[in-house]
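*Asks:* Curious how this folds, go ahead:
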Amino acid sequence: MKEYDIVIIGAGSGGLVAATTAKRKGLKTALIEKNKIGGECTHYGCVPSKALLNSAKMFEATKRLSEKYGINGINISGNLDFGKVMEHVDSIVQGVYAGETPDIFEKQGIDVFIEKDGARFLDSNKMQIGDEIITFRYAVICSGSSPKTIDIPGSDEVDFLHNENVWAIRELPESIVFIGGGVISAEMGQALANFGSKVYIFDHNDEILKVLDDDAREIIKSSFIKSGIALITSADLKSFIKAGTRTTVTFQQNGKPKEISADKIFLAMGRNPNIAGMDLEKAGIAYTEKGITTNEFLQTSNSAIYACGDVTTPAKFTHTASHQANIVIKNILEGNTKKNDLSILPWAIFTDPEIAHVGFSEEQARQKFGNYIQVFKVEATIDRFVTDGNTTGFLKVIFNEDNLVIGADAIGAHAGEWIQLITLAIKNSISAETMADTIFSYPTYSEIVKKAFTRFLRAKD
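*Replies:* Residues are numbered from 1 along each chain as shown. Below is the predicted model of the structure:
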């Protein structure tokens, strides 16, 4: 029976950071994965979706070359080869995976187990992997999450798409309904609309993308509508009716029965933690339907077992998992010295225009601090936005009474990049004066950050 200092369950972004860091710190390490190393992000999430989004943006931009830039003689109408687009996406995934294959980690001295049934706990410090039983001093569960399914009349007859199986399609759907108005629907819906699909985004809420700043939401909604996307909100899903290659979605909206029909239905209603089949009870690990329960140090009810990433947090981002993995290994080695603090967690939605956020939203800040905040908004009219024709958007920065930034919302070209400067300012309590006095290269998109701080200070004079 093999004995390990630490066993990592799940080889996604969190698991890989945990395993490589633990090994580097001198721990005898095992890494267990059910599918492919790299997990959701590499194979079904961040990597393929961003490759597809980039292709869609290029396709859309090329159609406007003559109109926008005066480049004549180019006509690509009707020439889209969606199969080749998806082959390109797959090549990007394989390129990333080439740096994450099992042998790479085995060469580092990590024992890698690829087992389709995953790991199963036998007791508080013992688990089974296939036919092999191993023991451990510590374990870290980074098993991730999976797309939620649906069970209503007719759902068993529909071959739903979701973020894990959509990458296998090679024909562009003529029409597609996204069930759920969150990030996946926004990104994938806009990409397919740019390629030429008729896209519907369906949500039971009164607005799509409920996490957004209201001003940012209005801009992205306008962009969607311009792309031909139909937004169906405040709608209660009733049934699916399959007829040949098409599916009819029936729903109730404003008290009236309605229906839409499409070639494909894409489920994007959120994600469930991957906790089934591990026999967590045998290891004394508490959990709910929302995931594994942890304390502020990411420690489970079994003090020798920790959890990080999608399986334990509602903030289901790749960077959350990798950040938490570092916290876990530090706490294992040093005895719970670092708390899991996600109050300064940046995130981005890679639509066109991009959307980004960090810290407090304006609404959250007003609820917590009342009138002791100041909100300053700068439109995307900085020179680099103008030269590139990307003047849709803004940066909204929230300051406290000490002139320190406590949050920001951004929408515009490359917003996911320049929000990082705000993140750095919040984390390190960098004053508005210091940010305004910092030299930024000209002309760059990130100058919008300097302008926000500069104009804020001028307004106070």
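*Asks:* how is this protein carved up into domains?
*Replies:* According to the domain assignment given by automatic domain parsing, the chain is divided into the following structural domains: 2-38+100-146+272-334, 155-269, 347-460.
*Asks:* Between the two ends of the first one, what distance do you get?
*Replies:* It stands for domain 2-38+100-146+272-334. From the first residue to the last, domain 2-38+100-146+272-334 extends over 25 Å; the measure is C-alpha to C-alpha, to the nearest Å.
*Asks:* what's the offset of it from the middle of its chain?
*Replies:* On the basis of C-alpha atoms, centre = their mean, to the nearest Å, the separation between the geometric centre of domain 2-38+100-146+272-334 and that of its chain is 20 Å.
*Asks:* Quick check: mean pLDDT of it?
*Replies:* Computed over domain 2-38+100-146+272-334, the mean pLDDT rounds to 97.
*Asks:* ok so, going back, figure out which of the domains of the chain is closest to Leu52.
*Replies:* Comparing those by their distance to Leu52 (C-beta to C-beta), the top pick is domain 155-269, with 5.2 Å. Quick note: C-beta positions are derived from backbone N, CA and C, even for glycine.
*Asks:* wait, which of the domains of the chain is closest to Met86?
*Replies:* Shortest distance between Met86 and the domains of the chain, using C-beta to C-beta, is found for domain 155-269: 5.6 Å.
*Asks:* distance between that closest one and the chain's centre?
*Replies:* Shown here is domain 155-269, whose average C-alpha point lies 18 Å from the average C-alpha point of the whole chain (C-alpha atoms, centre = their mean).
*Asks:* ditto for stretch 393-411
*Replies:* For stretch 393-411, the gap between its own C-alpha mean and the chain's C-alpha mean amounts to 22 Å (C-alpha atoms, centre = their mean).
*Asks:* buried sites along it?
*Replies:* 393-399, 403, 405-411 (16 or more other C-beta atoms under 10 Å).
*Asks:* for the residues you listed, which one is nearest Lys460?
*Replies:* Nearest to Lys460 among the buried residues of stretch 393-411, with distances taken as C-beta to C-beta, is Asn403, at 7.8 Å.
*Asks:* That closest one contacts Met435, correct?
*Replies:* No. No contact is recorded between Asn403 and Met435 when judged using C-beta atoms under 8 Å, the distance being 9.8 Å.
*Asks:* Please enumerate the helices of the stretch 101-250 of the chain.
*Replies:* 102-106, 183-195, 214-226 (DSSP state H, counting those that start in this stretch).
*Asks:* Which stretch among those helices is buried most, on average?
*Replies:* The highest mean neighbour count among the helices of the stretch 101-250 of the chain belongs to helix 183-195 (a mean of 24), with neighbours defined as mean count of other C-beta atoms under 10 Å.
*Asks:* Report the inter-axis angle for it versus helix 214-226.
*Replies:* Taking axes from the mean of the first three to the mean of the last three C-alpha atoms, to 10 degrees, one finds helix 183-195 and helix 214-226 inclined to each other by 40 degrees.
*Asks:* Quick check, Phe394 in contact with Gly412.
*Replies:* Yes. Counting by C-beta under 8 Å, Phe394 sits close enough to Gly412 to count as a contact (6.7 Å).
*Asks:* what do the two both touch?
*Replies:* Contact criterion C-beta atoms under 8 Å, 6 or more residues apart in numbering; residues shared by Phe394 and Gly412: Ala380.
*Asks:* Please identify the buried residues of stretch 244-257?
*Replies:* 247-251.
*Asks:* and if you look at stretch 199-206?
*Replies:* Under 16+ other C-beta under 10 Å, the buried positions of stretch 199-206 are 199-204.
*Asks:* Likewise for stretch 234-243?
*Replies:* Using 16+ other C-beta under 10 Å as the burial criterion, the residues of stretch 234-243 that qualify are 235, 237-238, 240-241.
*Asks:* Can you flag which of those residues belong to strands?
*Replies:* 235, 237-238, 240-241 (DSSP state E).
*Asks:* For Ile285, which non-adjacent residue is closest in space?
*Replies:* With C-beta to C-beta, 6 or more residues apart in numbering as the criterion, Ile285 has its nearest non-adjacent residue at 4.8 Å, and that residue is Thr300.
*Asks:* quick one: that neighbour and Thr293 touch, right?
*Replies:* Yes. Contact criterion C-beta under 8 Å: Thr300 and Thr293 qualify, at 6.7 Å.
*Asks:* Now the common contact residues for the two.
*Replies:* Both Thr300 and Thr293 are contacted by Ala286, under the criterion C-beta under 8 Å, 6+ apart.
*Asks:* So between those two, which is more surrounded?
*Replies:* Neighbour comparison, Thr300 and Thr293: the larger count goes to Thr300, with 23 against 14 (by other C-beta atoms under 10 Å).
*Asks:* Let me know the distance separating that one from Val311.
*Replies:* From Thr300 over to Val311 the distance is 10 Å, taken as C-beta to C-beta, to the nearest Å.
*Asks:* Are there residues contacting both of these two? Which ones?
*Replies:* The contact sets of Thr300 and Val311 overlap at 141, 292 (C-beta under 8 Å, 6+ apart).
*Asks:* List the residues that contact the residue positioned nearest the centre of the chain.
*Replies:* Nearest to the mean C-alpha position of the chain, by C-alpha atoms, centre = their mean, lies Phe317 at 4.6 Å. If a contact means C-beta under 8 Å, 6+ apart, then Phe317 has 345, 347 as its contacts.
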